[in-house]
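**Q** Here is my input; please provide its structure:
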Amino acid sequence: MIRLLRPFTRAVTYTRWIHLLIAVVWPALWIFVEEAWWTPAIAVVLLLLGGLVPAMRTVEGLQARFLLTGQRHDEESAAVVVAPATAWGDRGRTVVWLAARLLLGCGVSFLSVHLPLTAVELVTDSVRGEAPWWYVPAALGPVVLLAGVVVGAGELVTLLARRLLGPSPAERLAALEERTEQLLERTRIARELHDSIGHALTVAVVQAGAARAAGDPAFTDRALEAIEETGRAALEDLERVLGVLREARPAVSGRPTLVDADRLLESARASGAKVDAEVTGPVESVPGPVSREGYRILQESLTNVLRHAGAVPVRVRIGVADGGLALEVRNPLTAAIPGPGRGSGLRGIRERAALLGGRADTGPADGDWRVRVELPLR
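**A** Have a look, this model is predicted:
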């Protein structure tokens, strides 16, 4: 019993009722213009033709969201589009919606008037002695029927609104593409933070440990200077990433590229690694997306060396030739040192390469640990 009465405790039940009653206001007003059958007919035709106007979809969508879904910001509310119609298919669905809403509205309006009047007549006739006594309890029948009509018609018109005022296939595809872009951007930002902050923390840990073990004031000063420089660069990256999160469109102009690779190499050298770097080809001519991802791949590779191998000799080879970018980082193979986030960096390298149509090979090779990445420039 409580379950049956629950819809009548929700405000949206009554706003749906009002939404259906409003549908017949426009044709009903024309009756006062001239009491003829053709005046409401003209109003109906004009109403349906109005569905071909692109803005009508926006108007009906706003009414449906406000009165049928109770202004909720959930999937049910989002299923009703409030954008103007851009295709004839959308306009046709708007016309069908107006016709369906008008038919439902006429039926609900008729019953909303006559069912209560019927209940009143039954009670009045029984009180006056013109009808049996059981006409009084029988008067509950029209009231219950009206309640069922209000709830059922409200559910039906809401279902029709989601179908007829919902997004078209093209709009669904556009929304899906936008959602995909957002997810890709979130993934890219997560990688940016992992690479940049992870590199800075790794350098700081290695430098601090080396300074404590050395016990040399001069070495400690150099280590603190390296930590300060690396931390400053990480803060710049963090500020840039936070700026991207605040903006509707991500800005890529401030992201580091392979032209800035010297900063990574010097940071690794300051951490004690003996870096042997060789750069061939016009690195500055590498397209922006490839150069930026190449920088992050190099950063993550050097971070892995410092984190898992320590201060060991590192060979870095960056080459641009034959329409491609080749990047290789090798270091002596040592026992793996477990640490936080182990494995996620290598997975990120492979994902970055795959997104650009390239390939990444990571693992032991000739007694070294090797990271080799090949990226096409187109």
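**Q** contact partners of stretch 276-289?
**A** 252, 257-259, 261, 265, 291, 294, 313-321, 325, 356, 377-378 (Cβ atoms under 8 Å, 6 or more residues apart in numbering). C-beta: built from backbone N, CA, C; applies to glycine.
**Q** what are the ranges of the strands in the stretch 201-350 of the chain?
**A** 274-280, 313-321, 324-332 (DSSP state E, counting those that start in this stretch).
**Q** Taking strand 274-280 as reference, get the angle to the last one.
**A** It stands for strand 324-332. With axes from the mean of the first three to the mean of the last three Cα atoms, to 10 degrees defining the directions, strand 324-332 sits at 160 degrees from strand 274-280.
**Q** Pull strand 324-332 out as CSV, backbone CA atoms only.
**A** Provided in CSV are the C-alpha atoms of strand 324-332 (Å, rounded to 0.1, in the frame of the first residue of the first chain):
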residue,chain,number,x,y,z
GLY,A,324,61.1,8.8,-37.7
LEU,A,325,62.5,9.4,-34.2
ALA,A,326,64.6,6.8,-32.5
LEU,A,327,65.3,7.0,-28.8
GLU,A,328,67.3,4.5,-26.8
VAL,A,329,68.4,4.5,-23.1
ARG,A,330,70.7,1.7,-21.9
ASN,A,331,72.2,1.1,-18.5
PRO,A,332,74.0,-1.9,-16.9
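**Q** Report the mean per-residue pLDDT for that strand.
**A** Across strand 324-332, pLDDT averages out at 93.
**Q** could you pull out the helices for the protein?
**A** 2-5, 11-22, 25-29, 38-50, 54-68, 75-78, 88-128, 135-138, 140-164, 169-214, 217-246, 261-270, 288-308, 344-355 (DSSP state H).
**Q** can you redo those as JSON lines with mean neighbour count and distance to Thr334?
**A** Shown next, in JSON lines, are the helices of the chain (neighbours: other Cβ atoms under 10 Å; distance: least, Cβ to Cβ, whole Å):
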{"stretch": "helix 2-5", "mean neighbour count": "8", "distance to Thr334": "67"}
{"stretch": "helix 11-22", "mean neighbour count": "17", "distance to Thr334": "66"}
{"stretch": "helix 25-29", "mean neighbour count": "14", "distance to Thr334": "81"}
{"stretch": "helix 38-50", "mean neighbour count": "15", "distance to Thr334": "76"}
{"stretch": "helix 54-68", "mean neighbour count": "19", "distance to Thr334": "62"}
{"stretch": "helix 75-78", "mean neighbour count": "14", "distance to Thr334": "52"}
{"stretch": "helix 88-128", "mean neighbour count": "16", "distance to Thr334": "63"}
{"stretch": "helix 135-138", "mean neighbour count": "15", "distance to Thr334": "91"}
{"stretch": "helix 140-164", "mean neighbour count": "17", "distance to Thr334": "61"}
{"stretch": "helix 169-214", "mean neighbour count": "15", "distance to Thr334": "14"}
{"stretch": "helix 217-246", "mean neighbour count": "15", "distance to Thr334": "22"}
{"stretch": "helix 261-270", "mean neighbour count": "19", "distance to Thr334": "16"}
{"stretch": "helix 288-308", "mean neighbour count": "23", "distance to Thr334": "7"}
{"stretch": "helix 344-355", "mean neighbour count": "18", "distance to Thr334": "16"}
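**Q** Please name whichever of the strands of the stretch 201-350 of the chain is nearest to Ser196.
**A** For those, proximity to Ser196 was assessed by Cβ to Cβ; strand 324-332 is nearest, at 17.4 Å.
**Q** and Leu160, what is it in contact with?
**A** By Cβ under 8 Å, 6+ apart, the contact list for Leu160 reads Trp97, Ala100, Arg101.
**Q** Tell me how far the nearest residue to Arg162 once chain neighbours are set aside lies from Arg172.
**A** Excluding the flanking residues, the one nearest Arg162 by Cβ to Cβ, 6 or more residues apart in numbering is Ala79, at 4.4 Å. Remark: distance between Ala79 and Arg172 (Cβ to Cβ, to the nearest Å) = 11 Å.
**Q** One more: Leu98?
**A** 22 Å.
**Q** And for Val283?
**A** Following Cβ to Cβ, the distance that separates Val283 from Arg172 is 43 Å.
**Q** can you check Pro289 too?
**A** Noted for Pro289: a distance of 28 Å to Arg172, by Cβ to Cβ.
**Q** worst average pLDDT in the helices of the chain?
**A** Looking at the helices of the chain, the lowest mean pLDDT belongs to helix 75-78 (a mean of 58).
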